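Peer 1: below is the sequence, then the predicted model.
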Amino acid sequence: MQVYHTVAALRDCLNAERAQGRSVAFVPTMGNLHEGHLQLVRLARQHCDVVVVSIFVNPLQFGLNEDWEQYPRTTEDDIKKLESEACDYLFHPDEKEIYPNGMADQARVVVPTMTDIHCGASRPGHFEGVTTVVTKLFNIVQPDKAIFGIKDFQQLAVIRRMVEDLCVPVDIIGAEIARDHDGLALSSRNSFLAPDERLKVNHLYEILCWCRDQISGQNGQAGRRDFAAIEASATQQIAELGFRSDYLSVCNAKTLEPAAHDDKDIVILGAMYTSGARLIDNVTLTLK
Ligand code: PAF
């Protein structure tokens, strides 16, 4: 695997790959790679000839009181993992390379409305930081396809919307959520969990599955459509575990607005606070 730190050097080598007719898949990350990221890399390999991964802990998407400084940086380990997946190129720029004019006056990419709800409500400016850096990375790498995890469901929906609205010529591919043995969605922030919390955070996924089963109906029973009551009950279940929920919402899977009774594609989004981390997860269902 070749590692590049500058836009110019990466562009040169990817131009040469494209000149030979090779397609390029891109996996943007913030490093601290786990099995979930490696599954994205494997999916990228299935889709294209050349696989590019980026590692950049993007300060623009972190709020002032958030964990940008504490965010785990494990580049040497990450490189070994990427080499074992036969990744072709790693782009690992520093902040100056991505924001040469500083961040304050950086041109921004904004997807309105759907970024103000759910994670966007508790992390103002977060999605603007994501869409801005992803646009820059897309312009640098110019991939045919880009792979994002479905775990960050809202991020994936926002990026799909950005690509559609701005006619960005990149196919966006969502990759299934990688889970630990007990169902906990893999995340770099799981390393912030206290041992006693780790034993019970997997229940977030169980609660989301409970919501899904209530809506789809089980054992011959009709599915429920009283979404607000389901959300309230799920929020109560989270509180009983000793966690504070940020939101738990039954939504339309495309707009992320509250689901209407006749919506077919539904996502149940959940986020909760532990002592050292904010965890998110989701489950989807399609109604007939
Ligand atoms: O999902 C992430 O790791 C980040 O939000 C991304 C897409 C790499 C942008 O910094």
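Peer 2: Nice, I can see it.

Peer 1: span of stretch 96-105 from start to end?
Peer 2: Chord length of stretch 96-105, first to last residue, is 14 Å (C-alpha to C-alpha, to the nearest Å).

Peer 1: just stretch 110-124 next, same as before
Peer 2: Rule used - C-alpha to C-alpha; the end-to-end distance of stretch 110-124 is 12 Å.

Peer 1: buried ones in that stretch?
Peer 2: Neighbour counts using 16 or more other C-beta atoms under 10 Å place 111, 114, 115, 117, 118, 119, 120, 123 of stretch 110-124 among the buried residues. In short, each C-beta sits where N, CA and C put it, glycine included.

Peer 1: need the contact partners of it.
Peer 2: Stretch 110-124 is contacted by residues 63, 66, 126-128, 131, 154-155, 157-158, 161-162, 165, 246-247, 249, 251, 255-257, 269, 271, 278, 280 when judged by C-beta atoms under 8 Å, 6 or more residues apart in numbering.

Peer 1: so which residues on the chain come close to the ligand?
Peer 2: With C-beta under 6 Å from any ligand atom as the criterion, the chain meets the ligand at residues 28, 29, 30, 58, 61, 130, 133, 134, 152, 155.

Peer 1: looks like residue 172 contacts residue 144 (just checking).
Peer 2: No. Using C-beta atoms under 8 Å, residue 172 makes no contact with residue 144, being 11.1 Å away.

Peer 1: on that earlier part again, select only the buried ones of the contacts of stretch 110-124 in PyMOL?
Peer 2: Listed next is the PyMOL selection for buried residues among those, using 16+ other C-beta under 10 Å:
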select buried, resi 126+127+128+131+154+155+157+158+161+162+246+247+249+251+256+269+271+278+280
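
Peer 1: the contacts of stretch 110-124 in helices, which ones?
Peer 2: Among these, the members found in helices (DSSP state H) are 126, 127, 128, 131, 154, 155, 157, 158, 161, 162, 165.

Peer 1: follow-up on the earlier one: of the buried residues of stretch 110-124, which belong to helices?
Peer 2: Using DSSP H, those in helices are 119, 120.

Peer 1: out of the buried residues of stretch 110-124, flag the one nearest to residue 73.
Peer 2: The nearest member of the buried residues of stretch 110-124 to residue 73, counting by C-beta to C-beta, is residue 123 at 20.4 Å.

Peer 1: over to the closest one: give its phi and psi.
Peer 2: Main-chain torsions, residue 123, degrees, to the nearest 10: phi -130, psi 70.

Peer 1: which ones are touching the residue nearest to residue 189 when sequence neighbours are not counted?
Peer 2: Spatial nearest neighbour of residue 189, excluding adjacent residues (C-beta to C-beta, 6 or more residues apart in numbering): residue 277 at 4.3 Å. Going by C-beta under 8 Å, 6+ apart, residue 277 touches 189, 190, 192, 193.

Peer 1: just to revisit the earlier point, for the ones in helices among the contacts of stretch 110-124, which one is nearest residue 22?
Peer 2: So of the ones in helices among the contacts of stretch 110-124, ranked by how close each gets to residue 22 (C-beta to C-beta), first place is residue 162, at 25.8 Å.

Peer 1: so the residue nearest to residue 152 when sequence neighbours are not counted bridges to which residues?
Peer 2: Nearest non-adjacent residue to residue 152, counting by C-beta to C-beta, 6+ apart: residue 280, 7.1 Å away. Beta-bridge partners recorded for residue 280 (DSSP bridges): residue 271.

Peer 1: dump the residue contacts of residue 154.
Peer 2: 114, 118, 119, 120, 127, 256, 269.

Peer 1: let's go with 6 Å and repeat that
Peer 2: The contact partners of residue 154, taken as C-beta atoms under 6 Å, 6 or more residues apart in numbering, are 118, 119.

Peer 1: mind pulling up the pLDDT for it?
Peer 2: In this model, residue 154 is scored at 98, pLDDT.

Peer 1: likewise residue 220?
Peer 2: Note for residue 220: predicted pLDDT of 84.

Peer 1: neighbours around it, how many?
Peer 2: Neighbour count of residue 220, defined by other C-beta atoms under 10 Å: 5.

Peer 1: please apply the same query to the one 10 residues further on.
Peer 2: By the criterion of other C-beta under 10 Å, residue 230 has 19 neighbours.

Peer 1: host element of it?
Peer 2: Taking DSSP states H and E as the criterion, residue 230 maps to helix 227-240.
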